[in-house]
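Undergrad: Provided below for reference: sequence and predicted model.
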Amino acid sequence: MARIEHLQFPALKITGENYVGWVTNVKPYLIMKKLTETIVIGNKSPPEHKAEAIIFLKKHLDENVTHDYASIEDPAELWQALKERFDNQKEVNLPHALEEWKNLRFQDFQKVEEYNSAVQRIVSLLKYCGNPVSEAEMMNKTYNTFHKQLHFLPEIYRKCGYTRFSELMVALMLAEKNNELLIKNHNSRPTGAKAFPEVNATVIENSERRTQTSRGRGRGRHFNSKRGKTYNPKWKGSNKWIRSEQGPKGKETQEDTTQKRESVCYRCGCKGHWSRTCRTPPHLCKLYQESTKGKAKEVNLTENFEGTSYLDASDFANELD
């Protein structure tokens, strides 16, 4: 089961690789709690102090290490057992640290900070193992591992008279930052070209924004195209568009609607739509077409109509005679 207690510092690993750091973290805490005597062999500390110390020690151990010493209840006995098991890091780490120091080269790192961190780690490990490295050795390691194309730089830094490795690292970091700034300014535009006015950058930004908004679905080409523009009272009414003859876009006039309702579909016989937009099922349309076969439209013969004749009594008198 995973531990849910809050740890004051990382627990001791089963490999013991962090034993030195673990010891340096445990001792100050025991001093603060006045429990230092509990880890001394043959101490006469009160039982409550021993209980508090053993709980603290086991809480900061790896679970597998805790299982190995689950039966130990005396903090002094546990402290001695851990020391016998893991206090051999000097002999274990010394060959590896010497090999790292031998193969360390300044030219193998992209950043000065990365090289500085690697040097400090290896030097600290060598110091713990009983092989301290002097400031002069650290600086000579740096001077002698520059890239061959930069062979003139070590001589320049040697003449500066640095006596501490930290001073040399600060100078190298400053030179690195200045070089990055120089390259950035060189790549910003071609040599001899003038810098573009700042307004052009704003125009480009607005055009990119319009391009991005025009790609939206269901938004239209110029959706949100006015965002970011400054309002000017002089422009009021200048963007209005008066439609002279055509009606509102997307809306039908009342006359068109009336004509559409009065029209008859020649396909199905229904009103309200045309044959090209008819959605009546085909079998109903077929029945309607069959029912209209042989039928003609009513025709009123009034093409040559001459009007009504008005007759008087005298018009019929001749016929009676």
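TA: On my side now, so go ahead.

Undergrad: Can you pull out the low-pLDDT segments for the chain?
TA: Applying pLDDT under 70 to the chain flags residues 1-5, 196, 198-262, 294-321.

Undergrad: so what secondary structure elements neighbour the biggest helix by length in the chain?
TA: With DSSP state H setting the assignment, residue counts place helix 165-187 as the longest helix in the chain. Secondary-structure packing of helix 165-187 (3 or more CB pairs under 8 Å, 6 or more residues apart in numbering; DSSP states H and E): helix 112-128, helix 135-143, helix 152-159. In short, each C-beta sits where N, CA and C put it, glycine included.

Undergrad: Hey, what's the angle from the first one to helix 135-143? Just curious.
TA: In this structure, helix 112-128 runs at an angle of 140 degrees to helix 135-143, with axes from the mean of the first three to the mean of the last three CA atoms, to 10 degrees as the basis.

Undergrad: mind listing what's buried in helix 112-128?
TA: V112, Y115, N116, A118, V119, I122, V123, L125, L126 (16 or more other CB atoms under 10 Å).

Undergrad: nearest to Q289, of those?
TA: V112 (90.5 Å; CB to CB).

Undergrad: Now do the helix or strand I55 falls within: which elements does it pack against?
TA: Per DSSP states H and E, I55 falls inside helix 47-59. For helix 47-59, the packing partners by 3+ CB pairs under 8 Å, 6+ apart come out as helix 19-32, helix 75-86.

Undergrad: Apply 6 Å and report the result again.
TA: Under the contact criterion of 3 or more CB pairs under 6 Å, 6 or more residues apart in numbering; DSSP states H and E, helix 47-59 touches helix 75-86.

Undergrad: tell me the angle of the helix it packs on relative to helix 47-59?
TA: Relative orientation of helix 75-86 versus helix 47-59 (the same axes, to 10 degrees): 30 degrees.

Undergrad: in the following helix or strand past helix 75-86, what's buried?
TA: Toward the C-terminus, helix 75-86 is succeeded by helix 89-103 as the next helix or strand (DSSP H and E). Neighbour-count burial for helix 89-103, with 16+ other CB under 10 Å as criterion, is recorded at Q89, N93, L94, A97, W101.
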